[in-house]
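Chemist: Fold the following and give me the result.
(2 chains, ligands or ions: 1)
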Amino acid sequence: MKQILLVTDGCSNVGVSPVVAAAQAHAVGITVNVVGVVDQGDIAEFGTAEIEEIARAGGGLSRLTQTRQLSQTVQMLTRKTVVQTIQHAVQRELKHVLGASTIEELPPEKRGEVVRVIDDLSETSRLRVALLIDASASMKPKLHAVEEAIRDLALSLQSRQGGSEIAVFHFPGSAYGEDCKLDLDWTDNISGVHSLFPRLQMRGTTPTGPAILHVIDFYQKGDYGNRKNDETDGMMSDYVV
Amino acid sequence: MTTSFEWTLPRGTIIRGKWKQGSYRVDRLLGEGANGKVFLVERERERMLYALKIGSDTVDLQSEVNVLQSIARQKQKRSGGGSRTGAFLVDVDDFRGSDGKEHPFYVMRYIKGLTLGDYLVRNGKEWFPVVGFNLLGKLAELHEAGWTFGDLKVENVLVGDYGRPELVDYGGATAFGKGVRQFTEIYDRGYWNAGTRTADASYDLFSFAVLCLQLHESRRLAQLSAGLLPQTRTPDELAKLAATSAALKPFSGWLRKALYGEFANAREAAAAWQQWMHRAGTVPASAPAPRWMKGLFAVSAAVLATTIYWLLRSAP
Ligand SMILES: Nc1ncnc2c1ncn2[C@@H]1O[C@H](COP(=O)(O)OP(=O)(O)OP(=O)(O)O)[C@@H](O)[C@H]1O
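Modeler: Predicted structure coming up:
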């Protein structure tokens, strides 16, 4: 399973629309979740609408949160999306196997079996989360909370049974014209990493759309050569005999 | 949250299950949380009281039901059938609300009692050692069935007569070896950099130790967690707090072991607790402090206040 988790506090203002970029991610099997960090109600209504739309286009979820709830929100979104992705895959199979199209249609006894499968797969399937952090000037005071949330997410993922990896990006990059910069390549353990965002130069622009495209590219480069990687297809076959 | 729902069920509402037609009359709201609302209900005809939990996310609620069923099966296997107290989980069904939507619900035994914090306020802190011991017994039972409770905290322990505790909210219960998904930061081993979130016996014992601190030193615990940076949160800090607490003095050795994950399992932890429990009983805990000690306390309280002031000021 592949996710992008965008953490931002405002509107994109350069380049391709982030909604279009999120739709592209979704089209290639990457789910996009969005967390809007609002501290003094400082996100414009327009920003809120954009956040929701990015998540909808990306097949994911969005939440507004205060800095001190950031860790919890990040984990909740990640987990909900894992369950949802699996639920959709399971639901597809439900049609042939049980003749029902939703879990709610099943009587409670049968539901129990299906949910057990969903829970199992949520725990054991392989998961990659690319964290994409808005590092425009207004995010500066929030970055240490962001770093803490990332470390906390890493700890939870490490405690899963299935393999999990994270990567971290921020945008805009420090170099002129650079939309997005990789801070941490895929890893399953960040306890050795001292500081995720050392000496960041905060700049004014917010190229959210281009940054999402950059991360999609990164995912696809990594996938090159191991195409047979769609874990959600036919995963019920292990269970349904 | 998409899972919360705004409506409530007024007293007298009849909840009838769609599949099995079990029928319950609502008495009052018992509590609510992230996954739904819990009502006190009376089963029609039978006139017995139950707790009914109703949610809006079928998968989440069913997942909780699965845990309860699996624990019940494993306990039954161990005890060779026939349980002492009767089933905890009574019914699982769907209900069509006045909003026209269907909501999943399950019915469980009603636990009459106060949350642990309220219980000790009402009945006195001298109940703490025995309630703690009984609670460790509950955890041991659960662990022996292969489960970690996960979200152990003051609010999730209801205490009935004579200090008999029951755990409520199995939404955090996790099979050993899997990742704990529902937890409360301050009780969480990971939050204190004391280990992973992989479910095992020590995970609950760690939360149990924090629960003791929460009961006796809630202010200092809150100040501690607010004053530390994420990297400086360590079990050492909690152990220090335990060691300097007058109320927890007899248990500070025990707490240390729980915080560092040094108990092999909850039975061993309960046995160690029992030893301290008897010793705690022989110390007249409520004896008035001599005057000089009060003076000393005033001084150290002032020092503490200054330290906290500086901590808060220098925190980013
Ligand atoms: N069997 C029961 N008997 C009596 N009271 C109960 C019972 N189950 C739950 N309650 C009460 O209802 C409250 C909420 O229940 P519960 O914690 O299961 O909900 P939740 O949505 O899972 O909450 P949380 O957000 O804490 O996970 C409990 O704190 C408790 O006070």
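Chemist: Let's see the pLDDT reported for the residue in chain B that the ligand sits nearest to.
Modeler: Going by C-beta to the nearest ligand atom, the ligand is nearest to residue B:33 of chain B, at 1.7 Å. Just so you know, the C-beta spots here come from the backbone N, C-alpha and C atoms, and that holds for glycine as well. pLDDT for residue B:33: 78.
Chemist: Same check on residue B:112?
Modeler: If you check residue B:112, the pLDDT there is 92.
Chemist: any idea how far it lies from residue B:89?
Modeler: Computed as C-beta to C-beta, to the nearest Å, the residue B:112 to residue B:89 distance reads 18 Å.
Chemist: before we move on, the earlier item: what sits against the residue of chain B closest to the ligand?
Modeler: Residue B:33 is in contact with B:169, B:171, counting by C-beta atoms under 8 Å, 6 or more residues apart in numbering or on different chains.
Chemist: Tell me where the stretch 101-250 of chain B has strands.
Modeler: Counting by DSSP state E, counting those that start in this stretch, the stretch 101-250 of chain B has strands at residues B:102-109, B:114-115, B:147-148, B:157-160, B:164-167, B:174-175.
Chemist: Quick one: closest of these to residue B:75.
Modeler: Across these, residue B:75 has its closest neighbour in strand B:147-148 (10.0 Å, C-beta to C-beta).
Chemist: hmm, whichever strand or helix holds residue B:69 touching the ligand?
Modeler: Using DSSP states H and E, residue B:69 falls within helix B:58-79. No: taking C-beta under 6 Å from any ligand atom as the criterion, helix B:58-79 and the ligand are apart, separated by no less than 7.5 Å.
Chemist: Check which helices and strands that helix is in contact with.
Modeler: When contacts are defined as 3 or more C-beta pairs under 8 Å, 6 or more residues apart in numbering or on different chains; DSSP states H and E, helix B:58-79 packs onto helix A:108-124, strand B:89-96, strand B:102-109, helix B:128-144, strand B:147-148.
Chemist: Have a look at chain A and report its longest helix.
Modeler: helix A:70-98 (DSSP state H).
Chemist: Poorly predicted segments of chain B, please.
Modeler: By pLDDT under 70, the low-scoring segments of chain B are B:1-6, B:80-86, B:280-316.
Chemist: mind redoing it with 80?
Modeler: B:1-7, B:33-34, B:78-86, B:98-99, B:278-316 (pLDDT under 80).
Chemist: buried residues in stretch A:204-212?
Modeler: Residues of stretch A:204-212 classed as buried by neighbour count (16 or more other C-beta atoms under 10 Å in any protein chain shown): A:205, A:206, A:207, A:208, A:209, A:210, A:211, A:212.
Chemist: any chance of these in JSON lines, with pLDDT too?
Modeler: Formatted as JSON lines, these follow (pLDDT from 0 to 100):
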{"residue": "A:205", "pLDDT": "85"}
{"residue": "A:206", "pLDDT": "89"}
{"residue": "A:207", "pLDDT": "92"}
{"residue": "A:208", "pLDDT": "94"}
{"residue": "A:209", "pLDDT": "95"}
{"residue": "A:210", "pLDDT": "95"}
{"residue": "A:211", "pLDDT": "96"}
{"residue": "A:212", "pLDDT": "96"}
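Chemist: farthest-separated two in those residues?
Modeler: Using C-beta to C-beta, the buried residues of stretch A:204-212 span at most 14.7 Å, a distance reached by A:205 and A:212.
Chemist: Leaving out the residues flanking it, which one is nearest to residue 22?
Modeler: You didn't pick a chain, so chain A it is. Spatial nearest neighbour of residue A:22, excluding adjacent residues (C-beta to C-beta, 6 or more residues apart in numbering or on different chains): residue A:58 at 3.5 Å.
Chemist: I was after chain B.
Modeler: Among residues not flanking residue B:22 along the chain, residue B:91 sits closest, at 4.9 Å (C-beta to C-beta, 6+ apart).
Chemist: give the contact list for the one you found.
Modeler: B:17, B:20, B:22, B:106, B:107.
Chemist: which of the residues you listed are buried?
Modeler: Listed as buried from the contacts of residue B:91 are B:17, B:22, B:106, B:107; burial here means 16+ other C-beta under 10 Å.
Chemist: Confirm for me that the last one is in contact with residue B:23.
Modeler: No: shown here, residue B:107 and residue B:23 do not form a contact pair, counting by C-beta atoms under 8 Å, at 10.8 Å.
Chemist: Between those two, which contacts overlap?
Modeler: The contact sets of residue B:107 and residue B:23 overlap at residue B:43 (C-beta under 8 Å, 6+ apart).
Chemist: Could you report the neighbour count for the residue in chain A positioned nearest to chain B?
Modeler: When scored by C-beta to the nearest C-beta, chain A has residue A:159 as its residue closest to chain B, at 3.7 Å. Look at residue A:159: counted by other C-beta atoms under 10 Å in any protein chain shown, it has 22 neighbours.
Chemist: again with residue B:67
Modeler: 20.
Chemist: Now do the contacts for the residue lying closest to it once chain neighbours are set aside.
Modeler: Counting by C-beta to C-beta, 6+ apart, residue B:173 is the residue found nearest to residue B:67 once chain neighbours are left out, at 4.6 Å. Residues counted as contacts of residue B:173 (C-beta under 8 Å, 6+ apart) are B:67, B:71, B:142, B:147, B:148, B:149, B:150.
Chemist: quick one: residue B:173 and chain A, what's the gap?
Modeler: As judged by C-beta to the nearest C-beta, to the nearest Å, residue B:173 and chain A stand 12 Å apart.
Chemist: residues in contact with residue B:197?
Modeler: With contact set as C-beta under 8 Å, 6+ apart, residue B:197 has these partners: A:155, A:156, A:158, A:159, B:179, B:180, B:183, B:188, B:189, B:190, B:203.
Chemist: mind giving me the domain ranges of chain B?
Modeler: Annotated domains of chain B cover B:14-109, B:114-314 [automatic domain parsing].
Chemist: if we can go back for a sec, partner residues bridging the residue of chain B closest to the ligand?
Modeler: Beta-bridge partners recorded for residue B:33 (DSSP bridges): residue B:36.
Chemist: Show the contacting residues for residue 71.
Modeler: By default, I'm working from chain A. Contacts of residue A:71 (C-beta under 8 Å, 6+ apart): A:148, A:149, A:152, A:153, B:185.
Chemist: should've been chain B
Modeler: B:142, B:145, B:147, B:170, B:173 are the contacts of residue B:71 under C-beta under 8 Å, 6+ apart.
Chemist: Can you flag the buried ones in those residues?
Modeler: Using 16+ other C-beta under 10 Å as the burial test, the contacts of residue B:71 include B:142, B:145, B:147, B:170, B:173 as buried.
Chemist: Nearest to residue B:244 among the residues you listed?
Modeler: residue B:142 (31.6 Å).
Chemist: any idea how far the nearest residue to residue B:243 once chain neighbours are set aside is from residue B:246?
Modeler: For residue B:243, ignoring the flanking residues on the chain, the nearest one in space by C-beta to C-beta, 6+ apart is residue B:252 at 4.8 Å. Residue B:252 is 10 Å from residue B:246, where distance means C-beta to C-beta.
Chemist: what about the two, which has more around it?
Modeler: Between residue B:252 and residue B:246, counted using other C-beta under 10 Å, the more crowded position is residue B:252 (17 against 11).
Chemist: So the more buried one: helix, strand or coil?
Modeler: The three-state label given to residue B:252 by DSSP: H, G, I helix; E, B strand; the rest coil is helix.
Chemist: Next, work out how far apart it and chain A are.
Modeler: 27 Å.
Chemist: Spit out the contact partners of that residue.
Modeler: Contacts of residue B:252 (C-beta under 8 Å, 6+ apart): B:239, B:242, B:243, B:245.
Chemist: buried subset of the residues you listed?
Modeler: Using 16+ other C-beta under 10 Å, the buried ones in those are B:239, B:242, B:245.
Chemist: correct me, but the second one touches residue B:213?
Modeler: Yes: because the distance of 6.3 Å satisfies C-beta under 8 Å, residue B:242 is recorded as touching residue B:213.
Chemist: any shared contact partners between the two?
Modeler: In contact with both residue B:242 and residue B:213: B:248, B:255, using C-beta under 8 Å, 6+ apart.
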